[in-house]
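>>> Sequence and predicted model, in that order:
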Amino acid sequence: MPDRAAIIAAEQRAVDHAYECYERPLRENRAQRARRDERTDAHAGTAFIPTLPPELRTEDALAGASLVMHRIDALDEGRVRTCYIGRASVFDDEHDLVVANWQTRQATRWLLARPEDPGEVMLRRDLTCKGPKVRGYRDVLVRPLRNGVPAATAPPPTRDTVRELRDLLLDELGRARDGRMRDIVETIQREQLALVADERAGLLVVQGGPGTGKTAVGLHRVSWLLFNKLFKPGEVLVVGPHRGFLEHVRGVLPQLGTHDVRMVALDLLWERPGAGTAADAARTGRRTAVDGAKGTDAPAARAVKADLRMAAVLRNALDAQSGRGVLARRAAHGGFVAAFEGTHLSASLDELKALADAHRDAPTYEARRARFADALVELLVERYGLQHQGRQDRTLPERIARHAHVTRLVGRLWPKLTAERVLRDLLTDPVLLHKAAQGILDGAEQAAILRGRAARLEQEPWTLADLVCLEELRVLISGEGPRRYPHLVVDEAQDLTPMQARSLARRCPTGSMTVLGDLAQATGPHRYAGWDELAALLGPGAERHLAELDVGYRVPQQVMEFAEPLARRLAPGTAFPRSVRPVDGALSLVPVDGAEVDAAALDAARAVRAAADGADRSVALIVPDRRRSALRTGAPAGVHVLTAAQAKGLEFDHVVLAEPAEIAAQEPAGAGGLYVALTRCTQSLTVVHGAPIPVGPDEDGERTERSQEEDMTDTSTDRPGTGGAAGAPAEGFDRFVAALEGSVRDERRCNIHEHLRHRLLSDLFSAGLAPTSTPVVDAVCDGPAGTVLYEVLGEDRRAYLDLREAVLRLMEAAHAEGETADHRFVVLPGEPVEDWAAETLDEAFGVNVLWLEDGHWRGNRVPLALGRAAPGDRR
Ligand SMILES: Nc1ncnc2c1ncn2[C@@H]1O[C@H](COP(=O)(O)OP(=O)(O)OP(=O)(O)O)[C@@H](O)[C@H]1O
């Protein structure tokens, strides 16, 4: 058996040959170009200037990267053939393939072959090259031939060769980050490549913790899909979280040989009235054509506008300003009468209402108006015919349609509306808002989105959420939707609001999407309980495939371990990534006096910058939003000062983090923002904090756990934040209330719980009642049957034992509030699991059960639960 040196020498010869074959056409093309240039010079001044055909490349696209990465020996009709896989397809003089591009289906299939299912692969050898120089190799899959027949795969590689591969990957991961992401072709892992080359239709959702390579996978996938002609460049849109992120990843696709793919930051995706779209900007090259939203929403308004219920409110706003909405206000005026060619045309108010209602299912507002106008003319023509013994001529319908009174009536009932006018009226007119939001948004939610009116429509400070609503309205009014793409890639998708997701679905009606994200890093106003909810919004009706990446390539192990309890708390259902990178001394905690945080953070940044100098390492200082401008002013050169939101999706070699508790308290990101900030570094994280670092497993965002060094030095067992309100010396009843509040808060993190609670509150408001929620009671409402107390349960809580626990909670809540309820309800997200549960609960505890099924309330006493019971219906 040849020794390693001999194998490396043999592989070097193969790689040399590959380079020779790769470079020869380049050299020849350059020479040909030089000859043409000479000819062109000779013809200077003439109209004909020959151009070089695109296939005659003259530039080396490798830019120093290795051409060859793998050797594959594959069985082909009984013979073993050797093929090399690399960054480009290379042919020899006989047009035989010397290197196969990694993106060809054949090469991808070979690279995905596993030892336990090798297919035709007999040998996979990964080469460690530095440019054209072979430094080492590792045999990943070896299947010897015995008597011409492949034997079982050989035992796993020796420790040495494993270390060698790890070295290649770790070398790559340990290199300095200059703010630009690079491709990972040389070290892409099998589970990543499988996602890159996944050809299934529909939505591919990739969930993965920080640094698991989601962005890298998304971009390599774009390149792979285009290379294999599944889409053309103009057919793919990549949506990233912000401009800084796009800047960070900008170089990857060109490095992979992929050009002309449109990439847009999420906040520039929606057109601002009067400005062009991002697409316009890309076309015209004018950056100033688009500058996104002008205004900002307070957190409460942002939450309401993010919610899908907003779509129904917008539709209602249109209805209130047209058709029946206008007729309702016209009651005093009666129907329609107009003099016409010596006679009268007329329609009663009821007839007009019937016509207005008849076309509610028309696709757009404008279509409804057109159909109403047609139907009105038809009615008037018919009436005219009756009055004149059927005497009609061909131009009568047109004469009636053009009659000033008719056009005025149509115009009044279906005024020319623009999305901007409707939204402006909705957000600034409390009466219209109430009418449109009745039964959908409660009073507090309506108040949250109500705002003052700018002097002129063009001055309205549209927020990002408003821009999304404007698109929704435009679609409702005229059907005018955004440009469509056959494939969409959405990064950091966990931050999309439901309204944004609905709008993205509009851009890709086929539902062919690559959706990348991490639920634990969610920082938007809406938290998704799982990917299903978001996937259903993005690709309604499309096939969905969920994949998880669970190996962390960016963040040092020590830092990931520090952040782990926080991540598990934020998204208990997702896998926490294993980091492949132990880095000694990667984590430093620097406790300081609260007043010293800024100065200490700047000192730390200065020290880290100085230590990193010469090593070409990037340094970021991640700070709470309100401290950014002050710290930017004082920061040393070469240190990027960013908020957690700005750092999303980016990575730096060294990160200094200032006052994490303050970052975790920022709305709407909360602890998700802190998790993002903690996981940006590749080498070291220095945490400067005055307040304790809220990374513990049982935090609730308001309470904090002590930092590690405090844990080490302080042996006190009376730790704040583990059962009582923030550090308060709570006793007895107070402690009980605090504990109850804590667990209610936990429950209210569940979206399904919150959907149910809000729906219940909204329906009670619609019934004309005034329900309230308190920190311990999900809902309490005085209705015709007395006081009713509700305890809402969240996802997967429909079993009898859950119901019994809810009864106890109701009793505790009543005790905490001093509330003596006449009726008590447990509210579930679906039918109880056991069919006897509702009856038993009623008989045993006098507690009723209410649940939602297909959007309707069900249960043993639904009218009573919704405030519709007779006053005598008291227990
Ligand atoms: N197989 C790999 N080989 C080399 N580097 C890799 C590999 N996979 C990921 N990386 C590197 O790890 C870093 C993190 O990757 P990426 O930004 O794609 O992760 P992410 O999952 O999108 O992270 P986040 O959720 O924090 O945005 C990048 O520098 C990327 O190049």
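Perfect, thanks for sending it.
>>> Could you list the low-confidence segments of the stretch 751-875 of the chain?
For the stretch 751-875 of the chain, the stretches flagged by pLDDT under 70 are 818-819, 870-875.
>>> Please repeat the previous calculation with a cut-off of 50.
873-875 (pLDDT under 50).
>>> Tell me who's in contact with residue 663.
Residues near residue 663 by Cβ atoms under 8 Å, 6 or more residues apart in numbering: 622-624, 644, 657, 669, 673-674, 677. For glycine as for every other residue, the C-beta is placed from the backbone atoms N, C-alpha and C.
>>> my guess is residue 257 contacts residue 61, does it?
Yes. Applying Cβ atoms under 8 Å, one finds residue 257 in contact with residue 61, separated by 6.4 Å.
>>> and residue 565, how far is that from residue 678?
11 Å (Cβ to Cβ, to the nearest Å).
>>> returning to that earlier point: mind picking the lowest-pLDDT entry from the contacts of residue 663?
Minimum pLDDT across the contacts of residue 663 is recorded for residue 669, with 89.
>>> my read: that residue touches residue 646, true?
No. With contacts counted by Cβ under 8 Å, residue 669 stays clear of residue 646, the gap being 11.6 Å.
>>> who has more neighbours, these two?
residue 669 (26 against 20; other Cβ atoms under 10 Å).
>>> Double-check that the more buried one belongs to a strand.
No. Under DSSP: H, G, I helix; E, B strand; the rest coil, residue 669 falls outside any strand and is assigned coil.
>>> contacting residues for the closest residue to it other than its chain neighbours?
Nearest in space to residue 669, with sequence neighbours left out and distances taken as Cβ to Cβ, 6 or more residues apart in numbering, is residue 523 at 3.4 Å. Contacts were defined as Cβ under 8 Å, 6+ apart; by that measure residue 523 touches 495, 644-645, 648, 668-670, 672-673, 676.
>>> Then residue 632?
residue 641.
>>> what residue is smack in the middle of the chain?
What sits nearest the mean C-alpha location of the chain, by Cα atoms, centre = their mean, is residue 493, with 1.5 Å.
>>> Could you tell me how many residues sit around the closest residue to that residue other than its chain neighbours?
Spatial nearest neighbour of residue 493, chain neighbours left out: residue 517 (4.0 Å); criterion: Cβ to Cβ, 6+ apart. As a burial measure, residue 517 scores 23 neighbours (other Cβ under 10 Å).
>>> is it true that residue 517 touches residue 215?
No. Using Cβ under 8 Å as the test, residue 517 is too far from residue 215 to be in contact (10.2 Å).
>>> and for those two, which residues touch both?
Common contacts of residue 517 and residue 215, defined by Cβ under 8 Å, 6+ apart, comprise residue 491.
>>> Tell me the pLDDT of whichever residue of the stretch 51-200 of the chain sits closest to the ligand.
For the stretch 51-200 of the chain, the residue closest to the ligand is residue 187, as judged by Cβ to the nearest ligand atom, at 3.5 Å. Looking at residue 187, its pLDDT stands at 89.
>>> what's the answer for residue 357, then?
For residue 357, pLDDT reads 85.
>>> Look at it and tell me its secondary structure.
What three-state DSSP gives for residue 357 is helix.
>>> List the single closest residue to it in space, sequence neighbours excluded.
Closest residue to residue 357 apart from its sequence neighbours, by Cβ to Cβ, 6+ apart: residue 324 at 6.2 Å.
>>> before we move on, what about residue 653?
Here the nearest residue to residue 653 in space, its sequence neighbours aside, is residue 617; by Cβ to Cβ, 6+ apart that works out to 3.9 Å.
>>> Would you confirm that that neighbour belongs to a helix?
No. Residue 617 is assigned coil when assessed by three-state DSSP, not a helix.
>>> Do I have it right that it meets residue 639?
No. Residue 617 is beyond contact range of residue 639, at 11.2 Å (criterion: Cβ under 8 Å).
>>> Give me the longest helix you can find in the protein.
Longest helix of the chain, by residue count under DSSP state H: helix 4-42.
>>> For that one, buried residues please.
By neighbour count on 16 or more other Cβ atoms under 10 Å, the buried set for helix 4-42 is 7-8, 11-12, 14-15, 17-19, 21-22, 25, 29.
>>> following it, which helix or strand shows up next?
Later in the chain than helix 4-42, the nearest helix or strand by DSSP states H and E is strand 68-76.
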